[in-house]
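Visitor: Have a look; sequence and predicted model below, questions after that.
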Amino acid sequence: MTGSFPAERSRAAFVARFPEVMQQLRTVAPIGAVITENGHAVDIVIGEKRVFGGDARRFAAEQVSTFMKKPLRLFMEEPSAAGLVSKICVRMVEAIRKEIEAAGVDEIRRHPSGNPTFLILFGLGLGHHVMELVEKTKPRWLIVIEPSLEFIEHSFQALDWSALLDRFDDCKGAVHVVTDPDPARVVAQIGRIVALHGIPHIDGASVFTHYPLWSFGEARARLHDAMQFAFVNRGFFEDELKMMTNATANFSAVRFRLLEGKRRLQRAETAVVVGAGPSLDECFETLRRIRDHVVLFSGGTSLRPLLRNGIVPDFHCELENVPAVVDVLGQAAKYGDLSQIRLIASATVDPRVPPLFKDTLLFFRDAVSSTMMLGTRYAALQGSAPTCVNTALTAAVSLGFTELLFFGTDCGTRPGGQHHASDTVYRDVGLYKENADKKAETYPTEVEGNFGGVVRTDWIYDACRRMLGDVIKASGVTVSNCSDGAMIPGARPLDPEAVAIDTPPLDRPQVCAELEAALRRFEPGELLRDCDLAALVDSTRKRCGEIAELLDGFDPEAADFAGVYDAMREYLLSASDWPERIDAMMSGTLNALPRIGMFYGYRLEGAALRRRIFETYMAELRAILREIEQETIELLGRLDADARSQAPAA
């Protein structure tokens, strides 16, 4: 195709599609020049050096040939690796596997084939490699990373951008151009692009590097971990059932103050957030030294080692809805009186937790069913997940603290180190210890350490670290991190021994009274009085009926696994415009199930087998949808009756 088109046409097509990139290009002084032979662009010369050795076409052709023999691809190993392990999801996996075995198939392909996915190109150069790679890998979406803006200008003489863009328009795909030179930001942009089109479509993506550049190598190394993190499905129907049940029970039975996610008057005191990371073991002396001068927030399993070392927090933070929290708190209560501590907890916490503490501050978690269906009039506590340390930071910020210290917020472990602090249940108590030991052995990701070096982590703790950084940046608070774990963006590393608090000892009862006085108090049942749970029943029937109609529109002969995912995702994305948010109960699972179908459907050989598995998959999906509808209706009816019977008369 080289030389068969006017460069002006190629340039015009690029300008029309990427005006913001061209705006950047106009600010860059030209570097190098294109060398042409017989009307073909064959190389770029910078100074006296040719970038591609004299024949960019041959260079690109050999690269593509070598790549196709052993392509670098991103793919999902199995559904469980992407967190698709809820009871309903396991049921779908088993139904599909059973049908595959019944068809006499012993093994599926490791990589998907025929699915809509991405081609990620690190380096554009003249672009001789682009069209051939597109034809061979057949992507629906193309991401071009080219930080050398002048190469984009040079590519107009060798790559027909008009034909390239038309090709992706015809398949209802898209082309994206990333020009940022920073590897971390490049990976973040790739993540946003993938999320725009649907995370599971990254399964099977091809990753091609055209020329060596340090930032390409760094970005490529980070890309795998970032995409594995993005692969993980979040939220399931079973969890939402539990969260709605717990929240309704707490609102019905507990006198509490509501901690909303909005800033209040700034506090002059220093707040301390304590996690259960292994470096906490080295910080108790510092914590004792400053205890009288700070307001202390403990997160989750850090409570037990604090109490065991004679340190009683002012506020203890809990996030999870699982019954195990009650057992963990029981282990902590062996070393201190919980009734002297104020609880900050998600409204979805096990109802047995609040009565253990002196007072209760409940908050609405962002994006969960209890918040979307019961808490729309209140501000959710943004950034409170995925760990209790995140809860502690967002709670402290919401209460008005602007100066904070972190202890034990390791978000991982040093190579060869312990996974949690001593005296936690993860180091002392039976099954908790066994599970934590096994998990720590598989931490797959290396990140920069707070005091240098590397720290090993997993997707949950890395998400914790990133979210802490996001909250610090968004709130503008000042944070010093005294933990010898992972670097937390926006937090200043500080040796625990260097911590100095110059303010006088606090009048603790007065400070806590002021903090609580700024929050609205609710009597048992009061918050639920204006929640029309019964009205949500009709909404459930309506939305599930619409989804059933959507599924009925698919032709079994087409076996369009990706089409089902795309349609389901588009429908659920429209939920932000619904007058009710019943989608919060089911969207996690209804996004997960099509991903399971895609995983197996595109790893099977033969159209007939794919059609057979598609029919099984769709039948199971319809059955699950009916059960979700029925269970949701039964739950709402039961919760409405319970709330009415327990709440006092208005």
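Guide: Perfect, thanks for sending it.
Visitor: now the strands for the stretch 501-650 of the chain?
Guide: 520-522 (DSSP state E, counting those that start in this stretch).
Visitor: Show me where it has its helices.
Guide: For the stretch 501-650 of the chain, applying DSSP state H, counting those that start in this stretch gives helices covering 508-517, 535-552, 561-573, 583-601, 607-646.
Visitor: quick one: buried residues of the last one?
Guide: Neighbour-count burial for helix 607-646, with 16 or more other CB atoms under 10 Å as criterion, is recorded at 609-614, 616-618, 620-621, 624-625, 628-629, 631-633, 635-636, 639-640, 642-643. In this view, the C-beta of every residue, glycine as well, is placed from N, C-alpha and C.
Visitor: now the angle from it to helix 583-601?
Guide: If you take axes from the mean of the first three to the mean of the last three CA atoms, to 10 degrees, helix 607-646 sits at 160 degrees to helix 583-601.
Visitor: Same question for the first one.
Guide: An angle of 80 degrees separates the directions of helix 508-517 and helix 583-601 when computed by the same axes, to 10 degrees.
Visitor: Domain-wise, how is the chain divided?
Guide: Domain assignment for the chain by automatic domain parsing gives 7-75+111-231, 243-503, 531-646.
Visitor: CSV for the ones you listed, including distance to M92?
Guide: Converted to CSV, the domains of the chain look like this (distance: least, CB to CB, whole Å):
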stretch, distance to M92
domain 7-75+111-231, 14
domain 243-503, 21
domain 531-646, 5
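Visitor: which of the ones you listed sits most buried?
Guide: Sort the domains of the chain by mean neighbour count, taking mean count of other CB atoms under 10 Å, and domain 243-503 sits at the top with a mean of 21.
Visitor: just how off-centre is it within its chain?
Guide: 19 Å (CA atoms, centre = their mean, to the nearest Å).
Visitor: Could I get the pLDDT score of P579?
Guide: pLDDT recorded at P579 is 67.
Visitor: wait, I meant E269
Guide: 96.
Visitor: That one falls within a strand, correct?
Guide: Yes - per DSSP: H, G, I helix; E, B strand; the rest coil, E269 lies within a strand segment.
Visitor: Correct me if wrong: it contacts I501.
Guide: No - checked against CB atoms under 8 Å, the pair E269 and I501 is beyond contact range at 9.3 Å.
Visitor: Surely G204 and R109 touch.
Guide: No - look at G204 against R109 with CB under 8 Å: they stay out of range, at 10.0 Å.
Visitor: which residues touch stretch 51-66?
Guide: Outside stretch 51-66, the residues that touch it by CB atoms under 8 Å, 6 or more residues apart in numbering are 2, 32, 40-45, 125-126, 128-129, 132-133, 136, 158, 208, 210-211.
Visitor: how about low-confidence regions in the stretch 201-350 of the chain?
Guide: Within the stretch 201-350 of the chain, the segments meeting pLDDT under 70 span 233-234.
Visitor: For the stretch 301-450 of the chain, which segments are assigned as strands?
Guide: Here the stretch 301-450 of the chain has its strands, by DSSP E, counting those that start in this stretch, at 315-318, 342-346, 359-363, 401-407, 445-448.
Visitor: Of those, which is nearest E153?
Guide: strand 445-448 (35.7 Å; CB to CB).
Visitor: could you give the mean pLDDT of the closest one?
Guide: The model assigns strand 445-448 a mean pLDDT of 86.
Visitor: Could I have the CA atoms of that strand written out in PDB?
Guide: Output in PDB follows, covering the C-alpha atoms of strand 445-448 (Å, rounded to 0.1, in the frame of the first residue of the first chain):
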ATOM      1  CA  THR A 445       3.400  -7.800  41.800                       C
ATOM      2  CA  GLU A 446       6.400  -5.700  42.700                       C
ATOM      3  CA  VAL A 447       5.900  -2.000  43.500                       C
ATOM      4  CA  GLU A 448       8.200   0.700  44.800                       C
END
